[in-house]
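Student: give me a 3D structure for the following:
(chains A and B)
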Amino acid sequence: AQSVTQPDIHITVSEGASLELRCNYSYGATPYLFWYVQSPGQGLQLLLKYFSGDTLVQGIKGFEAEFKRSQSSFNLRKPSVHWSDAAEYFCAVGAKGNNAGKSTFGDGTTLTVKP
Amino acid sequence: NAGVMQNPRHLVRRRGQEARLRCSPMKGHSHVYWYRQLPEEGLKFMVYLQKENIIDESGMPKERFSAEFPKEGPSILRIQQVVRGDSAAYFCASSPSDRGEETQYFGPGTRLLVL
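Tutor: Next comes the predicted model:
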């Protein structure tokens, strides 16, 4: 069965500092990997996704993530954090094949941005 | 193109009442997924439906919960005889196909509070 672990429950960074959110997954083959952001009281917005090819994926809002098969990781990064990035971030893994659209989510990392 | 719509956004029920949550997928999307988010947790898959069919309900509690996606109209998640433990945010997502790499678009969620 697939699973996702986000080791950091809460991270605080200063505005302008770099950010890395960790995600480790468990899956039998190369997975489909996603990062979502959720602002308070809102739904989820897709930041980026990885299916195959280049292991460094660019997303919206200046985010990127790198797929590392050897470490079973898909960490999210941003070189300079803005106050508006404060939110909850979810990593998710999706299965391959048909009827495989359901995703397994991690428990999320809450990001606080200090002025 | 309107996004995924969910209503109501907030729902308060007393123990033993019924809760009906509605989800209208994006135009052209015939695949709907329901997820539940308990406080301080990530999203947990509940059920995957296509028009008039339940494809995967492996995440649905065996009792009191049901879902449908009729030929016409929104998808409905129904919870009978609600209990306090049903208090959560319920999110619906839609996609144009069932392939794992397909982006799922999330609605804003329905926050259910059981008194």
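Student: pLDDT at the residue positioned nearest the centre of chain B, what is it?
Tutor: The residue lying closest to the centre of chain B (Cα atoms, centre = their mean) is residue B:34, at 3.5 Å. pLDDT recorded at residue B:34 is 96.
Student: okay, and it sits in which element?
Tutor: strand B:31-37 (DSSP states H and E).
Student: cool, residue B:103 as well?
Tutor: Per DSSP H and E, there is no helix or strand for residue B:103.
Student: helix, strand or coil for the spatially closest residue to it that is not a sequence neighbour?
Tutor: Residue nearest to residue B:103 in three dimensions, not counting chain neighbours: residue A:46, with 5.9 Å by Cβ to Cβ, 6 or more residues apart in numbering or on different chains. The way it works is simple: take the backbone N, C-alpha and C, and place the C-beta from them, glycine included. Secondary structure assignment for residue A:46 (DSSP: H, G, I helix; E, B strand; the rest coil): strand.
Student: isn't residue A:46 right up against residue B:95?
Tutor: No: Residue A:46 is beyond contact range of residue B:95, at 11.2 Å (criterion: Cβ atoms under 8 Å).
Student: sheet partners, orientation included, of the helix or strand bottoming out on mean pLDDT in chain A?
Tutor: Lowest by mean pLDDT, DSSP states H and E among the helices and strands of chain A is strand A:103-105, with a mean of 88. For strand A:103-105, the paired strands and their directions (DSSP bridges) read strand A:87-94 (antiparallel).
Student: which outside residues touch the strand it pairs with?
Tutor: Strand A:87-94 has contacts (Cβ atoms under 8 Å, 6 or more residues apart in numbering or on different chains) with A:2-4, A:6, A:21, A:23, A:25, A:27, A:31-40, A:44, A:47, A:74, A:76, A:100-106, A:108-111, B:42-43, B:100-101.
Student: got the contact list for residue B:24?
Tutor: Residue B:24 makes contact with B:4-6, B:74-75, according to Cβ under 8 Å, 6+ apart.
Student: and these, which of them are in strands?
Tutor: Judged by DSSP state E, the subset of the contacts of residue B:24 located in strands is B:5-6, B:75.
Student: mark which of the residues you listed are buried, thanks.
Tutor: B:6, B:75 (16 or more other Cβ atoms under 10 Å in any protein chain shown).
Student: who does residue B:95 form a beta bridge with?
Tutor: According to DSSP bridges, beta-bridge pairing links residue B:95 with residue B:31.
Student: burial count for it?
Tutor: Residue B:95: 22 surrounding residues under other Cβ atoms under 10 Å in any protein chain shown.
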